[in-house]
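Novice: Take a look and give me a structure for this.
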Amino acid sequence: MTTDPTDIEPTDCPTTDGMPRLGLGTWENTDPDECATSVETALNMGYRHIDTAQAYGNESAVGDGIERANVDRDEIFLATKVWIDNLAPEDVKRTARESLDDLGVDTVDLLYIHWPAREYDPEATLAAFDELVDDGVTRHVGVSNFLPHQLEEAAELLDAPIFAHQYEMHPFLQQQEVLDTCDELDINVVAYSPLARGHVFDEDELTNIADDHGVSAAQVSLAWLRETGVTAIPKATGRDHIADNWASLDLSLSADEVARIDELDRGEREVDPGFGPWNQH
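Specialist: I've put the predicted structure just below:
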């Protein structure tokens, strides 16, 4: 039996380079009121890292949630992403400012290239991101869904350091080569779909570890990512799920438990669009 997450008051969220290591993802959270309420709920609960994207169609709702929460903007680490249709230099600069308007903020903490696809041109696109840093539109530049050689190329071309690489990572898709490249280049890792879109609840090894601690399989997966040095941004809409994920901050895994989870890697992607760089030949 799991502990009621609403009865847990976790310790403060650890940070890496000022980025909280647990955040709220908003992918597919498209109902405006539900999205705003989930952001407001998370921030009032203690979250300080909110992740959205142009492609999610919810930046305005995320901004509404931030406005409604009892948290000052300067306490929030806010990230969004530029979509693949908007990666030509002038489109990058125009749509990034539109994102600020939709979010109701003067700057974002982290602006990602969502995918290295369609209008992505390494030299031209990255130069536009450097310009946005210089202009104060974003504090940091990030990339998402890059392969190791693309990370290396981007690191060479950018004047600003790559602050973070966001990609799918969970116990069934660990992507060690990408993780190693990020470590070599001193790039923070942010895991999306960290609960494998709910499939962590179907894995006996995870549920067994969860039962041993009286927690959920979601908390086990999030704690494993934290033990691996990775930031996680699980999507959650209802208060109970938001609280359950937050309660993972109180969970410590043993070295043996981490090793058992490490053995679950099966290379299983939940997000696999045709334009993904691993699908290009």
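
Novice: Tell me where this protein has strands.
Specialist: Under the criterion DSSP state E, the chain contains strands at 15-16, 19-20, 24-25, 49-51, 77-82, 110-113, 141-144, 162-168, 188-192, 231-232.

Novice: which stretch among the ones you listed comes nearest residue 71?
Specialist: Ranking the strands of the chain by proximity to residue 71 (C-beta to C-beta) places strand 49-51 first, at 10.1 Å. For the C-beta atoms, the positions are set from N, CA and C on the backbone; glycine is no exception.

Novice: next one: that closest one to chain centre, how far?
Specialist: Remark: strand 49-51 is offset 7 Å from the chain centroid, using C-alpha atoms, centre = their mean, to the nearest Å.

Novice: packing partners for that strand?
Specialist: In terms of contacts (3 or more C-beta pairs under 8 Å, 6 or more residues apart in numbering; DSSP states H and E), strand 49-51 is packed against strand 24-25, helix 32-45, helix 59-68, strand 77-82.

Novice: Roughly how far does residue 212 sit from residue 263?
Specialist: The gap separating residue 212 from residue 263 is 17 Å, by C-beta to C-beta, to the nearest Å.

Novice: For the stretch 1-150 of the chain, give me the ranges with low pLDDT.
Specialist: Applying pLDDT under 70 to the stretch 1-150 of the chain flags residues 1-11.

Novice: about what we covered before: distance to residue 238 and mean neighbour count added to the strands of the chain, as TSV?
Specialist: Listed next are the strands of the chain as TSV, based on distance: least, C-beta to C-beta, whole Å; neighbours: other C-beta atoms under 10 Å:
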stretch	distance to residue 238	mean neighbour count
strand 15-16	26	14
strand 19-20	21	22
strand 24-25	12	27
strand 49-51	17	26
strand 77-82	22	26
strand 110-113	26	26
strand 141-144	26	23
strand 162-168	23	23
strand 188-192	19	24
strand 231-232	18	26
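
Novice: JSON lines for those, including distance to residue 123?
Specialist: Converted to JSON lines, the strands of the chain look like this (distance: least, C-beta to C-beta, whole Å):
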{"stretch": "strand 15-16", "distance to residue 123": "29"}
{"stretch": "strand 19-20", "distance to residue 123": "27"}
{"stretch": "strand 24-25", "distance to residue 123": "30"}
{"stretch": "strand 49-51", "distance to residue 123": "27"}
{"stretch": "strand 77-82", "distance to residue 123": "16"}
{"stretch": "strand 110-113", "distance to residue 123": "13"}
{"stretch": "strand 141-144", "distance to residue 123": "14"}
{"stretch": "strand 162-168", "distance to residue 123": "15"}
{"stretch": "strand 188-192", "distance to residue 123": "24"}
{"stretch": "strand 231-232", "distance to residue 123": "28"}
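
Novice: Between those, which one is closest to residue 281.
Specialist: If we rank these by C-beta to C-beta, the stretch that ends up nearest is strand 162-168, at 19.8 Å.

Novice: can you tell me which residues contact residue 82?
Specialist: 54, 92, 95, 96, 99, 111, 112, 113, 114 (C-beta atoms under 8 Å, 6 or more residues apart in numbering).

Novice: Contacts only, for the closest residue to residue 48 other than its chain neighbours.
Specialist: Leaving out its chain neighbours, the residue that sits closest to residue 48 by C-beta to C-beta, 6 or more residues apart in numbering is residue 20, at 4.7 Å. Going by C-beta under 8 Å, 6+ apart, residue 20 touches 13, 14, 47, 48, 49, 77, 231.

Novice: One more: residue 242?
Specialist: Shown in contact with residue 242 (C-beta under 8 Å, 6+ apart): 24, 38, 41, 42, 45, 47, 236.

Novice: gap between it and residue 151?
Specialist: According to C-beta to C-beta, residue 242 and residue 151 sit 31 Å apart.

Novice: same question, residue 188
Specialist: Counting by C-beta to C-beta, the gap from residue 188 to residue 151 is 12 Å.

Novice: Between those two, which contacts overlap?
Specialist: When contacts are counted by C-beta under 8 Å, 6+ apart, residue 188 and residue 151 are jointly contacted by 165, 182.

Novice: Run through the helices of the stretch 51-200 of the chain in chain order.
Specialist: With DSSP state H, counting those that start in this stretch as the criterion, the stretch 51-200 of the chain has helices at 59-68, 89-103, 122-134, 148-157, 176-185.
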